[in-house]
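# generate coordinates for the sequence data below:
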Amino acid sequence: MRVFKPIILVFLVACLVAPAASGQAADSIPAPPDVVAPPENAAVTPSGLATVVLEPGTGTEHPGPEDLVKVHYTGWSTDGKMFDSSVVRGEPAGLPLNRVIPGWTEGLQLMVEGEKRRLWIPEELAYKGMPDKPQGMLVFDVELLSFRKKPSPPPVPEDVGGPPADAKRTRSGLATKVLEPGTGTGHPTPKNRVTVHYTGWTTDGQMFDSSILRGQPATFPLNQVIKGWTEGLQLMVVGEKRRLWIPEELAYQGMPDKPQGMLVFDVELITFR
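Got it, this is the predicted structure:
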């Protein structure tokens, strides 16, 4: 059943808001010898965060609390069990610093590009005893690969309240309008995985999700999203930007805790396979 997605990258951000908590990865990185507690040479901030620089960086500036960072990291509990690692997954994590645990928000602002640092994050700066999350003090080795300033929110479309006269409508009730033509020739099918940038609004102009603000495109199977996305993306080619007006019956159908009514998305199809 195709239900709630996208807002898909909200859950990718959760790799640091709420990492893959229970259990150890199939491949594991050994815990550092000082995983139990910070050593004497660790610098401790007033909040209780302790850090040690493992390798100095080459940058000179520090990220701000809302900047988008690209990092490699591994996290352990103080009993030496690894609970999450971008290194093991083989892919860096990109995320906004205001969407992670407080110890990360504080600790990454101490770093410069290229730096590797170990963080001992007390429980009150981590998950505060939340169920199904790593418990107690957490230890992270983090490499700050790059960062950039938080982008401005995309402007609300003037026609967010409903499709204009020149929008094309399908039999299902989906309305679309090409904003920028693409360079590709083929169209994705429901079995393809698509990579897109997107922003979504309700018809009162409230933005509820945007991959652009996160600074990272979303990738997902086209048959695992709301019906209006499955249909609308099949009309597109690579490089195209299109606006979709998705009626409620092709969106979340009144599901609680989901955006309600007709939804409007600006979507750029980056690639598909």
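
# which stretches of this protein form strands?
43-44, 50-55, 68-77, 82-85, 93-96, 116-121, 138-148, 168-169, 175-180, 193-202, 207-210, 218-221, 241-246, 263-272 (DSSP state E).

# any idea which of the ones you listed scores lowest on pLDDT?
Confidence, taken as mean pLDDT, is least for strand 93-96 of the strands of the chain (a mean of 89).

# out of the strands of the chain, flag the one nearest Glu61.
Nearest of the strands of the chain to Glu61, taken as C-beta to C-beta: strand 138-148 at 8.4 Å. From N, CA and C alone the C-beta is placed, and that goes for glycine too.

# of all the strands of the chain, which lies closest to Pro154?
Nearest of these (C-beta to C-beta): strand 193-202, 4.7 Å.

# coming back round to it: make CSV out of the strands of the chain and add mean neighbour count and distance to Asp257.
As requested, the strands of the chain are exported to CSV (neighbours: other C-beta atoms under 10 Å; distance: least, C-beta to C-beta, whole Å):
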stretch, mean neighbour count, distance to Asp257
strand 43-44, 12, 39
strand 50-55, 16, 37
strand 68-77, 22, 26
strand 82-85, 22, 26
strand 93-96, 22, 22
strand 116-121, 23, 29
strand 138-148, 21, 28
strand 168-169, 12, 29
strand 175-180, 16, 25
strand 193-202, 20, 14
strand 207-210, 18, 11
strand 218-221, 17, 20
strand 241-246, 23, 18
strand 263-272, 22, 14
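
# for Val156, find the nearest of those strands.
Using C-beta to C-beta, the strands of the chain put strand 193-202 closest to Val156, at 6.1 Å.

# which elements pack onto that closest one?
The helices and strands touching strand 193-202, judged by 3 or more C-beta pairs under 8 Å, 6 or more residues apart in numbering; DSSP states H and E, are strand 207-210, helix 211-214, strand 218-221, strand 263-272.

# go again using 10 Å as the cut-off
When contacts are defined as 3 or more C-beta pairs under 10 Å, 6 or more residues apart in numbering; DSSP states H and E, strand 193-202 packs onto strand 207-210, helix 211-214, strand 218-221, helix 227-233, strand 241-246, strand 263-272.

# domain ranges for the chain?
10-148, 168-272 (automatic domain parsing).

# re earlier: between the helices and strands packed on strand 193-202, which one is closest to Leu68.
helix 211-214 (7.0 Å).

# can I get the CA coordinates of that closest one in PDB?
What follows is helix 211-214, C-alpha atoms only, in PDB (Å, rounded to 0.1, in the frame of the first residue of the first chain):
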ATOM      1  CA  SER A 211      14.600  18.600   0.300                       C
ATOM      2  CA  ILE A 212      16.100  21.900  -0.800                       C
ATOM      3  CA  LEU A 213      16.200  23.200   2.800                       C
ATOM      4  CA  ARG A 214      17.900  19.900   3.900                       C
END
